[in-house]
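In: generate coordinates for the sequence data below:
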Amino acid sequence: MEQNIFQLQYAMDTFYFLICGALVMWMAAGFSMLEAGLVRAKNTTEILTKNVALYAIACMMYLFVGYDIMYGGGMFLSGIETVDPAKVLADFSTREDGFTGAAIYSAASDFFFQVVFVATAMSIVSGAVAERMKLWAFLAFAVVLTGVIYPMEGSWTWGGNAVFGLYTLSELGFSDFAGSGIVHMAGAAAALAGVILLGARKGKYGKNGQINAIPGSNLPMATLGTFILWMGWFGFNGGSVLKLGDIASSHSVAMVFLNTNASAAAGAVAALVLAKVLFKKADLTMVLNGALAGLVVITAEPSTPTPMQATLFGAIAGIVVVLSIIGLDKIKIDDPVGAISVHGVVGLLGLLLVPVTNSASSISGQLIGAATIFVWVFATSFVVWFVLKKIIGIRVSEDEEYEGCDQSDCGMEAYPEFTRG
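Out: Numbering: from 1, shown residues only. As a prediction, the model looks like this:
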């Protein structure tokens, strides 16, 4: 009887992990649609190519070396051993928590769930450097970020290893449930390094501090992308509970889903209201980024807040992201999709809000953890971007930027039936 219960829990936890991983993989479609909608028509094919290619590169690099760096036990050469149910049952029966108190799932499902997180971090970079970066320079950077930079900081956080052998973040009180800092702020830090070296798009900033709006080509597509991301986030946060096969875990999953949705909704509404106050208009792009900000902020700790607290956190994030997008424009940080604000600034906010509801964390631990992630990812990314700039260049020519990256990089347009005036 005990072995049958164990096998049922193993099957449920593994299946839940795989389904959540598939939901997170579907976020790649969300990022693709969001970014394609927020760039100009002449750069649509190129941004879609980046998103497909970066996902494939992330999957390969994390399989080759990334997972081994982050958790040990590489899978590319050794693979996964055949599971012996009797052996696994015997191993768990010797533990104090027994087989009903621990997450029990296939190691292959763990890899699949982790690899889609890596791709998410790289997707954040794609939107921030859009419309003026060379395709192959971007893909070269993707190899390094997904194979080394992200796995290294992941080994210090979720992997539990000491930072260069000096200190362990978890012992300092650092906690990041599903990756506000580990995934989202890390992706934004890499994006910021690239944007600084890349420079702004031509015509974005004029003389005397003038900021020129560059509208996206397809807001229905951007809206669809946001809803796809919203849906995928239930797998992102829900899967981070790590199991489903007992009453406590099932309740935790339900609360994570509830809080994730509440925070996103509040972020969208808060951004909508603030946009109306500041611009006298209901700015759709701010609403979309407000929803995403609500999702990012609750990712750091979606299991312990009450629904009211989750709603409040989302509303704060919706306000912060609007102010951050405006602020970055004023200092001429050109981010076509608002990725640095949504994932970086709000990712940091999410980390700092964790101690409000999770007593196991501390403000000092969150600050040290955030600083460790940001400094490592930003510094290493800056070096990689700089080397690429010197060797092959990272920015397209003025003529290519004017004509659009679709033709220069991909040789085709997304909307060939339309002619330019």
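In: wait, a strand at Met61?
Out: No - counting by DSSP: H, G, I helix; E, B strand; the rest coil, Met61 is located in no strand; its state is helix.
In: where in the chain is pLDDT low?
Out: 1-3, 75-104, 418-421 (pLDDT under 70).
In: give me the longest helix you can find in it.
Out: helix 2-38 (DSSP state H).
In: what about that helix, distance to the chain center?
Out: Offset of helix 2-38 from its chain centre (C-alpha atoms, centre = their mean, to the nearest Å): 15 Å.
In: surely Val337 meets Leu38?
Out: Yes - counting by C-beta atoms under 8 Å, Leu38 is a contact partner of Val337 at 4.7 Å. In this view, the C-beta of every residue, glycine as well, is placed from N, C-alpha and C.
In: please enumerate the shared neighbours of those two.
Out: Contact criterion C-beta atoms under 8 Å, 6 or more residues apart in numbering; residues shared by Val337 and Leu38: Gly127, Ala130.
In: so which of the two has more stuff around it?
Out: Val337 (30 against 27; other C-beta atoms under 10 Å).
In: which residues touch the spatially closest residue to the more buried one that is not a sequence neighbour?
Out: In space, and not counting its chain neighbours, Val337 is closest to Gly127: 3.6 Å by C-beta to C-beta, 6 or more residues apart in numbering. Residues counted as contacts of Gly127 (C-beta under 8 Å, 6+ apart) are Phe31, Leu34, Glu35, Leu38, Ile47, Ala191, Asp335, Pro336, Val337, Gly338, Ala339.
In: ok, Asp176 next?
Out: Counted by C-beta under 8 Å, 6+ apart, Asp176 has contacts Thr157, Trp158, Ile182, Ala300, Glu301, Leu351, Val354, Gly369.
In: now name the helix or strand holding Ser175.
Out: Counting by DSSP states H and E, no helix or strand carries Ser175.
In: quick one, what contacts it?
Out: Ala300, Glu301, Val354, Asn358, Ala360, Ser361, Gly365, Gln366.
In: what about burial for those residues, which qualify?
Out: Ala300, Glu301, Val354, Asn358, Ser361, Gly365, Gln366 (16 or more other C-beta atoms under 10 Å).
In: quick one, what contacts the third one?
Out: Same thing as Val354. Ser175, Asp176, Phe177, Ala300, Glu301, Ser361, Gln366.
In: would a markdown table of those with distance to Val321 and secondary structure be doable?
Out: Formatted as a markdown table, the contacts of Val354 follow (distance: C-beta to C-beta, whole Å; DSSP: H, G, I helix; E, B strand; the rest coil):
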| residue | distance to Val321 | secondary structure |
| --- | --- | --- |
| Ser175 | 22 | coil |
| Asp176 | 19 | coil |
| Phe177 | 20 | coil |
| Ala300 | 15 | coil |
| Glu301 | 18 | coil |
| Ser361 | 23 | coil |
| Gln366 | 19 | helix |
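In: how much space separates Trp376 from Val163?
Out: 8 Å (C-beta to C-beta, to the nearest Å).
In: that older thread, can you tell me which of the contacts of Val354 lies nearest to Gly347?
Out: Ala300 (7.7 Å; C-beta to C-beta).
In: show me where the protein has strands.
Out: Using DSSP state E, no strands are found in the chain.
In: ok, the spatially closest residue to Pro307 that is not a sequence neighbour - contacts?
Out: Distance criterion C-beta to C-beta, 6+ apart; nearest residue to Pro307, sequence neighbours excluded, is Ala262 at 5.2 Å. The contact partners of Ala262, taken as C-beta under 8 Å, 6+ apart, are Pro307, Ala310, Thr311, Gly314.
In: what does Leu328 give?
Out: Here Leu328 is in contact with Asp335, Ile340, Ser341 (criterion: C-beta under 8 Å, 6+ apart).
In: show me what contacts the nearest residue to the last one once chain neighbours are set aside?
Out: This means Ser341. Excluding its sequence neighbours, the residue lying closest to Ser341 (C-beta to C-beta, 6+ apart) is Ser324, at 3.7 Å. Counting by C-beta under 8 Å, 6+ apart, Ser324 touches Ile340, Ser341, Val345, Val346.
In: this completes my enquiry, with thanks.
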